[in-house]
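Novice: sequence and predicted structure below; questions after.
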Amino acid sequence: MLIQLARQRGFCYGVKRAVDMALSNIDPLKGTCTLGPIIHNPQMVNHLSERGIKVADQLTDVSEGVVIFRSHGVGPEIYRQAREKSLQVVDATCPHVKKAQLTAHKLMTDGYQVILAGERNHPEVQSIYQWTEQKAIIVGTPEEAMQLSFFAKIGVVAQTTFSGAMFQKIVDILKSKCNELQIDRTICTATDERQQAAVELARQVEVMIVVGGKNSANTARLAVLCSEAGAGVFHVETAAELEPSWFEGVHSVGITAGASTPEWLIEEVYRKMQEFDQTLNSEVNTLETGSIVKGKVVGIRKDEIFVDIGYKAEGVIPLTELAYPVPEQAADVVAEGQTIDVYVLDADSAEGAVKLSKVKADKIVAWDKLEQALEEKSILPVQVVEAVKGGLAVSVFGIRGFIPASQVELRFVEDLAPYAGQTIDVVPIEIDRTKQRVVLSRKVHLLEQVRQAEERVYAALKPGQTVKGIVSRLAKFGAFVDIGGVDGLIHISDLSWQRVASPEEVVNVGDEVEVVVLKVDPQAKRISLSLKETRRDPWLDEIDQFKVDAVVPGKVSKTARFGAFVELKPGIEGLIPLSELAERHVANAEEVVKAGQPVNVKILSIDKAAKRISLSLVKAQQEAERKEYQGFLDNQRSLGVTLGDKFAHLFKEGD
């Protein structure tokens, strides 16, 4: 077996620098700790712990000594807190991460909306986010980029270990989301080099071993890229996880490692692979009756099949041991070249061939799989056989199982007949091999899907964001909208800029709508949405028709204890306070006006921000009287006669 190492692998410059700095700053008296794991590799963290370098989850856990800021970096607030506590700080932030932090900070101070391309919960991404005063928007996929609103200026930076191809896709979308785009591709070249080297090797070998922490983002990315390149992939943290069965019949294997993987771990894996190779080359297969082995179907007849189990003789499985119920012909169950589990009935048959059973192997393997699935809470696909009293009878790995009616859906379903024949996903909740009892639940699986959907949605949503959803149900107080598996509420007051008596006036169940996120409360599991905020308030367009001091016609829409509301036109209302209804004291608006009554009113003020119009009935009437009086005076002047002329005789001297 050919074993090859990727030309670029393991520690990058930033990680090696961080580890070296940690080992050079051990304080045996006051203690040394890292703020969070220095790198995403538990073996390296344990290695440092053995040398006296502990891990503190929070700065409040550190009272004295040396605190090492890990390669992922921290926000400016952590630096301030460390100074206040008089701690000796060793800043092991990767220089590439530091560049991304400072770039993001400068873009923010220069007035750009910072878009941070990366994995939302990654500690490096969170540290860069803190350097933008938490004003950056984190985007992990092109789909998330499509959901962004329009901004005048966008500045984009990236997590140093982010996929270069994914970054470019996001940038292409952002070009249509702004007038000005500033791009700073802060992806580390070491990340690109390791990914390219891993892909090149994966294209040449049958199996790739990716070594690194299971919670390391760049290591996980390597595994994905190797798989996409066509190789079989196994992700391990240590050599102890390697299984000899992975390499049976394999002629070429490649080994790569993430940037947080030390060289000594890679060497351990390489040596273990060499041991496997020697074992596989020298091993002589032996068989024991009652054992289960894997074999490849090499021949099929109507009533039996032949299986290569790597033994000196081929195995044979008669039709009766092939499947239950017994099939009409073997070809209905297996295909030539297929790999199957078989149970050894007789390793030393007098006829020469090894007698095997697929039925017995399937049953034993099935129980093993079920017990493992119960322990790991794994999801299992099952075939619903029929609806029975109290639930559903299903087939799982060829074994009969049962789903209680209460565990079929999130809510109780009375008629279970439609489920017959369906394939559904479940999780085991009780497995008893001795009693041959298998109890499964679809409800547990559905609840987990809901929980995961909630986590994704709550993590992605931000106030002010525009999203699409489907109206799921209506209530008197508003409409619920499904946005990615989680319901948000559009309160009736946020459905339309106009007054709405019922949600049905605006939306129906099943409608696809675009809404603006008003508030997100993960603790209370509440999302407030607005439909009206997706369009401009028509009030702002209509109000420009009205001017302060103008007298305009209207209709009293309703009265209140503090005055009367007047509709100037549909959607535009103003208030006449009690003091502006009449020249005399008024205790109730209905002493002067009634709902539906047409009136002329004078506009006293318009407050666009508060959407309030103050009106006066008294001043409108005074205005009308003044115009009438002025008209009379103008008419007298046109006749050449004034009041002075008319009554001058009353003021003659001597009278």
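Specialist: Sure, I can see it.
Novice: thought residue 307 was touching residue 317, still the case?
Specialist: Yes. In this structure residue 317 lies within contact range of residue 307 using Cβ atoms under 8 Å: 6.4 Å. Heads up, the C-betas are built off the backbone N, CA and C, glycines and all.
Novice: ok, these two, which is more surrounded?
Specialist: A side-by-side neighbour count of residue 317 and residue 307, using other Cβ atoms under 10 Å, places residue 317 first with 29 against 25.
Novice: in a strand, that one, correct?
Specialist: Yes. Judged by DSSP: H, G, I helix; E, B strand; the rest coil, residue 317 forms part of a strand.
Novice: that one: what's it in contact with?
Specialist: Residue 317 makes contacts with 304-305, 307, 342, 356-358, as judged by Cβ atoms under 8 Å, 6 or more residues apart in numbering.
Novice: list the residues that contact both of residue 317 and residue 307?
Specialist: Looking at what touches both residue 317 and residue 307 (by Cβ under 8 Å, 6+ apart), the common residues are 342, 356.
Novice: now residue 416. Nearest residue, chain neighbours left out?
Specialist: If the residues on either side of it in the chain are set aside, residue 416 comes closest to residue 387, at 4.0 Å by Cβ to Cβ, 6 or more residues apart in numbering.
Novice: one more: residue 579?
Specialist: Counting by Cβ to Cβ, 6+ apart, residue 579 lies nearest to residue 586, which is 7.9 Å off, once chain neighbours are set aside.
Novice: same question, residue 75
Specialist: Nearest-residue entry for residue 75: residue 130, 2.5 Å, with adjacent residues in sequence omitted and distances by Cβ to Cβ, 6+ apart.
Novice: the one you found contacts residue 76, doesn't it?
Specialist: Yes. Residue 130 sits in contact with residue 76 when judged by Cβ under 8 Å, with a separation of 6.6 Å.
Novice: circling back: the residue nearest to residue 416 - how many residues pack around it?
Specialist: 18.
Novice: that one pairs with what?
Specialist: In this structure, residue 387 bridges to residue 392 when assessed by DSSP bridges.
Novice: show me what the helix or strand where residue 431 lies is packed up against.
Specialist: Here residue 431, judged by DSSP states H and E, is contained in strand 423-432. Using 3 or more Cβ pairs under 8 Å, 6 or more residues apart in numbering; DSSP states H and E as the contact definition, the elements that strand 423-432 packs against are helix 358-376, strand 380-388, strand 391-396, strand 437-441, helix 443-460.
Novice: chain center to the longest one, what's the gap?
Specialist: This means helix 358-376. Between the centre of helix 358-376 and the centre of its host chain there is 34 Å, according to Cα atoms, centre = their mean, to the nearest Å.
Novice: tilt between it and strand 437-441?
Specialist: With axes from the mean of the first three to the mean of the last three Cα atoms, to 10 degrees as the basis, helix 358-376 and strand 437-441 are set at 50 degrees to each other.
Novice: hey, C-alpha coordinates of helix 358-376 in PDB?
Specialist: Backbone C-alpha positions of helix 358-376 (Å, rounded to 0.1, in the frame of the first residue of the first chain) are rendered in PDB as follows:
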ATOM      1  CA  LYS A 358     -26.900 -13.700   5.100                       C
ATOM      2  CA  VAL A 359     -30.100 -13.900   7.100                       C
ATOM      3  CA  LYS A 360     -28.300 -14.600  10.400                       C
ATOM      4  CA  ALA A 361     -25.600 -12.000   9.800                       C
ATOM      5  CA  ASP A 362     -28.200  -9.300   8.900                       C
ATOM      6  CA  LYS A 363     -30.100 -10.000  12.100                       C
ATOM      7  CA  ILE A 364     -27.000  -9.900  14.400                       C
ATOM      8  CA  VAL A 365     -25.600  -6.900  12.600                       C
ATOM      9  CA  ALA A 366     -29.100  -5.200  12.800                       C
ATOM     10  CA  TRP A 367     -29.200  -5.600  16.600                       C
ATOM     11  CA  ASP A 368     -25.700  -4.300  16.800                       C
ATOM     12  CA  LYS A 369     -26.600  -1.300  14.700                       C
ATOM     13  CA  LEU A 370     -29.800  -0.600  16.700                       C
ATOM     14  CA  GLU A 371     -27.900  -0.700  20.000                       C
ATOM     15  CA  GLN A 372     -25.300   1.600  18.700                       C
ATOM     16  CA  ALA A 373     -28.000   3.900  17.300                       C
ATOM     17  CA  LEU A 374     -29.600   4.000  20.700                       C
ATOM     18  CA  GLU A 375     -26.300   4.900  22.400                       C
ATOM     19  CA  GLU A 376     -25.500   7.600  19.800                       C
END
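Novice: could you give me the buried positions within that helix?
Specialist: Residues of helix 358-376 classed as buried under the neighbour-count rule (16 or more other Cβ atoms under 10 Å) are 358-367, 369-370, 373-374.
Novice: what does it contact?
Specialist: Helix 358-376 is contacted by residues 292, 317, 321-324, 333-334, 340-343, 345, 378, 380, 396-399, 427-431, 433, 438 when judged by Cβ under 8 Å, 6+ apart.
Novice: same question, the second one
Specialist: Taking Cβ under 8 Å, 6+ apart as the criterion, the residues outside strand 380-388 that touch it are 370, 373, 392-397, 400-403, 416-417, 419-428, 440.
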